[in-house]
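Novice: Provided below are the primary sequence and the corresponding predicted coordinates.
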Amino acid sequence: MRLSVTDRCNLRCQYCMPEEDYLWLPREDILQFEEMDRLVDHFLALGVAKVRLTGGEPLLRRDLPALIERLSGKAAIRDLAMTTNAVLLGPAVHDLKRAGLHRLTISLDTLQRERFITLARFDELARVQAGIDAAVDVFPGFKIDSVVIRGVNDDEMIPLLEFAKARGAEIRFIEYMDVGGATTWSRAQVVSRPQMLDTIGSHYGPVAHLREDSSAPADRYRLPDGTVFGIIASTTEPFCRTCDRSRLTADGLWYLCLYAARGIDLRGPLRGGVSDEALRDLITSVWHARTDRGAEHRLATRDRAPLIPLNVLKRDPHLEMHTRGG
Ligand code: SAM
Ligand code: SF4
């Protein structure tokens, strides 16, 4: 379960938030920690065992360690992770660890300052790198996620791999996805898994595929020197069939697929005083009726263009990747 704690962000990555302005979720709709806690308890009772905090940028949510502390106290959560852009990570990293966060994933697409500014619209690479360096000892073996975009950063796969390796991190290269919010997406900018493997293989030599039995989205590979990295081929080889993720937005809408047109309102029933049993019945019946195959449908779409037209996107923040949490 991916729990988005805010739709706000302190970057404007061009594959996620390329527009000049955004409509935000109404403040009064944002769930309090106590409400998130209760909803998470329902999902845990129904079998969820892994929770990932995301956003927007989760570190913008005031007092985040207090939420982590609540969650880390729940024995049913086997894995408590967070995805962050790391801008605010440096000063926060020890508090996150103390609060009980298990694992960290950091998004990083370039090591070049000018390119970072073009890609994320803020001059924040230095703070991101400081955040990453602060994480090395506190969250050893953390992950780095890089979206690879042709003509933007596809020439940086090797430097990024080396950067991760030097910090004991495992890097995962992600295909550029045509999710809501990616209004400048084009098929031509997608670097596919075989193309990524080509680039890496021609630099390092033969790359071994690690066969693993898991529902994790990343396929993992090993370089001749033992370094392991991942590729998430969500655009050209989607993994809908094995996907068991679901997403809760900061205002309590539940999405069963990143591409879903609509979410299920859990805030209404929660605030309306519906019984625990009724809420769990609702979650169970929706999950059992789930037929989502969003990425596979996209793959089958001819003349693929950005998923949601801008005028539609602008009317509903729930359609955005930065609201759904990635
Ligand atoms: N702000 C945090 C961050 O960037 O790590 C967490 C939220 S962000 C929406 C979660 C992940 O979604 C990031 O790793 C980001 O790279 C990824 N993402 C956003 N838009 C994407 C797109 N169009 N294609 C592929 N990945 C995307
Ligand atoms: Fe970038 Fe994450 Fe913010 Fe989207 S939510 S703009 S991916 S930092």
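Specialist: Done, it's in. Ligands and ions are numbered 1, 2, ... in the order given.
Novice: is ligand 2 within reach of stretch 240-255?
Specialist: No - Stretch 240-255 stays clear of ligand 2 (Cβ under 6 Å from any ligand atom), getting no nearer than 11.9 Å. Quick note: C-beta positions are derived from backbone N, CA and C, even for glycine.
Novice: got the buried residues for that stretch?
Specialist: Neighbour counts over stretch 240-255 (16 or more other Cβ atoms under 10 Å) mark 240, 243, 245-255 as buried.
Novice: pLDDT and distance to Asp219 added to those, as JSON lines?
Specialist: Shown next, in JSON lines, are the buried residues of stretch 240-255 (pLDDT from 0 to 100; distance: Cβ to Cβ, whole Å):
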{"residue": "Cys240", "pLDDT": "82", "distance to Asp219": "15"}
{"residue": "Cys243", "pLDDT": "85", "distance to Asp219": "14"}
{"residue": "Arg245", "pLDDT": "91", "distance to Asp219": "16"}
{"residue": "Ser246", "pLDDT": "92", "distance to Asp219": "22"}
{"residue": "Arg247", "pLDDT": "95", "distance to Asp219": "22"}
{"residue": "Leu248", "pLDDT": "97", "distance to Asp219": "27"}
{"residue": "Thr249", "pLDDT": "97", "distance to Asp219": "28"}
{"residue": "Ala250", "pLDDT": "98", "distance to Asp219": "31"}
{"residue": "Asp251", "pLDDT": "97", "distance to Asp219": "34"}
{"residue": "Gly252", "pLDDT": "98", "distance to Asp219": "33"}
{"residue": "Leu253", "pLDDT": "97", "distance to Asp219": "30"}
{"residue": "Trp254", "pLDDT": "97", "distance to Asp219": "28"}
{"residue": "Tyr255", "pLDDT": "95", "distance to Asp219": "24"}
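Novice: nearest to ligand 1, of those residues?
Specialist: Among the buried residues of stretch 240-255, Arg247 lies closest to ligand 1 (Cβ to the nearest ligand atom), at 10.5 Å.
Novice: which residues touch the closest one?
Specialist: Shown in contact with Arg247 (Cβ atoms under 8 Å, 6 or more residues apart in numbering): 1-2, 4, 254-256, 258, 324-325.
Novice: before we move on, back to that, among the buried residues of stretch 240-255, name the ones in strands.
Specialist: Among those, the residues falling in strands (DSSP state E) are 247-248, 253-255.
Novice: the helix or strand Ala66 falls within: how far from the chain's middle?
Specialist: Taking DSSP states H and E as the definition, Ala66 sits inside helix 64-72. Relative to the mean C-alpha coordinate of its chain, helix 64-72 is positioned 19 Å out (Cα atoms, centre = their mean, to the nearest Å).
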